[in-house]
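Visitor: give the three-dimensional model of this entry:
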Amino acid sequence: MNLNALLRGQSNAFLLGVLNGKEIVKHTESLLGFDGVNDRVTLQFAHDRGSAGNTVYSGTAFLSDWVKPTADGGWQVAALEQGLLNYINGLPPAQKADPTAVVWLHNEYDSIRADLSPATWESAVRFDAALVRQAFGKAPAEMPYLFVSAIPYSSGTAAGHQAIRMGMENLAADPAFNAGIAARVQDVDMSWEDLDKNPATPDYGGPHMSFGDSLLAANRIAVSLAEEWAAYAKPGSPVALAGGNVGNLGPQVVQARLTGPDHLTLNVAFDAASSLRPLDDAATRGVGWSVIAPDGSVVTGAAAALATDMPDTLYVRFDGPIPAGGKLYYGHGVGRLAAADGSGAGHAVYDNHFLPMWVPASGLGILGPQAMALPEAAVGSVLQVGAEGGTWTGTAAAENWVLLPESGAALIYGFDSAADTLSFSGIAPNSLIYWDPATIGIPGLGLTWAGGKGGVILPGLDRLPDSQMMFA
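Guide: Here you go, the predicted model:
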């Protein structure tokens, strides 16, 4: 059998097809157990064909060179879109009938538009998809659009990148449209050009992906294609052995909890992975993280650390107080995850399948108290830390802080190691794990417990006497 991947885009899609198009095919076939002869994947990639039609064309904006807006708010076919339809109509009928997926790597020129809205971008893609699917003779359910989340284009705007990423995620969330995110590739060098005219030095952050960048994208795209075509996987193939889920999404941050004035505890949901990889130097410096307030003010990541014995948890410290009503982002705007030397490859937070962490492009709300005076505990009270955790300031009187296996992360300022107590209910002494929260910028004592999602940080303490810990 034959499976088609129709590659769409401008110059970075061109480079992907020329440099690593064969890798997309080879890796997808390997995951599906195809031999490349009797069962194969075909990359439909056409360029420089004039009116005969192209699937990619360098230096073009989708929203003006492929489709054009009409006066009534709709869209019309432009010359390049007509060429694409000519290309599709020229395919052999048997190949058009084969299962086909669109691989979309096209955002560069459109991301320049600071006025671009997700709705505008979405409507144009819906218009395009209706035409392309009609040309193939396929219903939406038969022909998915797989988007490479907007790559970091150096001349683009933050608003333009975010609008396109949000549009992609909105379409992926619409089951009637049938789409998905094929790859997230903000951990890239973008160093194809020799910008300083010195071939001995790499020039990071340019407009085009390097060979290594496109290889990274190719392999991530291949995993998504293989999952999309899991029904065709051969017995004993990696996809079949994995039950159709070889892990193409990467770890998604699903909860962000305030655990200090400038600290968040993040919990992730894994796809096929099971843990986070050790952070490299750039990731430990908090590269890529930001919280944006309703008024547009921003605090950015300053440090990050993995939680001990909690494979789905990451601590992040920011360069200022977390603003009230703020939302968490990772790789916001142009969003290249660049280290101090400008390189981007390898600098994301990864799962053990080497897929990068992600936050929805629309941002993630933050749980817990935000940018406000820390609440004082009631004098002499017993306080139970709930599943949401929280941040408190102790009083001069003795407090007893009750922690359960399901308790969230607690940050307790002013804890008196001579008068206050921690009561662990359902948590065994030998399950306690001590760690140094100075790694996230809070000198003090940190405790977590095996199997728990939370923990407690006691700023300013280096030890806690056994007499101040009770177990039940």
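
Visitor: other SSEs contacting the helix ranked longest in the chain?
Guide: Longest helix in the chain, counting residues (DSSP state H): helix 11-32. Helices and strands touching helix 11-32, by 3 or more C-beta pairs under 8 Å, 6 or more residues apart in numbering; DSSP states H and E, are strand 2-9, strand 40-44, strand 100-105, helix 211-228, helix 238-241. C-beta here means a position set from N, CA and C on the backbone, and glycine is covered the same way.

Visitor: residue 446: which of these is closest?
Guide: Shortest distance between residue 446 and those, using C-beta to C-beta, is found for helix 211-228: 34.6 Å.

Visitor: can you give me the offset of that closest one from its chain's centre?
Guide: If you compare the mean C-alpha spot of helix 211-228 with that of the full chain, they lie 15 Å apart, counting by C-alpha atoms, centre = their mean, to the nearest Å.

Visitor: return that helix as CSV; C-alpha atoms alone will do.
Guide: The C-alpha coordinates for helix 211-228 follow below in CSV (Å, rounded to 0.1, in the frame of the first residue of the first chain):
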residue,chain,number,x,y,z
PHE,A,211,20.3,20.8,8.7
GLY,A,212,20.1,19.6,12.3
ASP,A,213,16.9,21.6,12.9
SER,A,214,15.2,20.2,9.8
LEU,A,215,16.3,16.6,10.8
LEU,A,216,14.8,17.2,14.3
ALA,A,217,11.5,18.4,12.7
ALA,A,218,11.5,15.5,10.2
ASN,A,219,11.8,12.9,12.9
ARG,A,220,9.0,14.5,15.1
ILE,A,221,6.8,14.8,12.0
ALA,A,222,7.4,11.1,11.2
VAL,A,223,6.2,10.0,14.6
SER,A,224,3.0,12.0,14.2
LEU,A,225,2.4,10.6,10.7
ALA,A,226,3.0,7.1,12.1
GLU,A,227,0.5,7.6,14.8
GLU,A,228,-2.0,9.0,12.4
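
Visitor: buried sites along that helix?
Guide: For helix 211-228, burial by neighbour count (16 or more other C-beta atoms under 10 Å) applies to 213-228.

Visitor: and if you look at stretch 325-333?
Guide: By neighbour count, with 16+ other C-beta under 10 Å as the criterion, the buried positions of stretch 325-333 are 326-333.

Visitor: list of residues touching it?
Guide: With C-beta atoms under 8 Å, 6 or more residues apart in numbering as the contact definition, stretch 325-333 has outside contacts at 152, 157-159, 161-162, 186, 253, 256, 264, 266, 288-294, 299, 337, 349, 357-359, 362-366, 370-371.

Visitor: kindly recompute the last result at 7 Å.
Guide: 158, 161-162, 186, 253, 256, 264, 288-294, 337, 357-359, 363-366, 370 (C-beta atoms under 7 Å, 6 or more residues apart in numbering).

Visitor: so where do the helices sit in the stretch 251-400 of the chain?
Guide: Taking DSSP state H, counting those that start in this stretch to define them, one finds helices in the stretch 251-400 of the chain at 281-284.

Visitor: any weak-confidence spans in it?
Guide: Along the stretch 251-400 of the chain, the model assigns pLDDT under 70 to residues 309, 368-380.

Visitor: so where do the strands sit in it?
Guide: Assigned strands in the stretch 251-400 of the chain, in chain order: 252-260, 263-269, 289-292, 298-306, 313-318, 327-330, 364-365, 382-384, 390-393, 400-403 (criterion: DSSP state E, counting those that start in this stretch).

Visitor: make a markdown table out of these and add distance to residue 415.
Guide: Putting the strands of the stretch 251-400 of the chain into a markdown table (distance: least, C-beta to C-beta, whole Å) gives the following:
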| stretch | distance to residue 415 |
| --- | --- |
| strand 252-260 | 14 |
| strand 263-269 | 16 |
| strand 289-292 | 26 |
| strand 298-306 | 21 |
| strand 313-318 | 19 |
| strand 327-330 | 27 |
| strand 364-365 | 28 |
| strand 382-384 | 11 |
| strand 390-393 | 9 |
| strand 400-403 | 8 |
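
Visitor: so residue 426 sits against residue 402, correct?
Guide: No: in this structure, residue 426 sits apart from residue 402 without contact. The criterion is C-beta atoms under 7 Å, and the distance is 10.3 Å.

Visitor: what count of nearby residues applies to residue 97?
Guide: When counting by other C-beta atoms under 10 Å, one arrives at 15 neighbours for residue 97.

Visitor: just residue 28 next, same as before
Guide: Residue 28 has 28 neighbours, counted by other C-beta under 10 Å.
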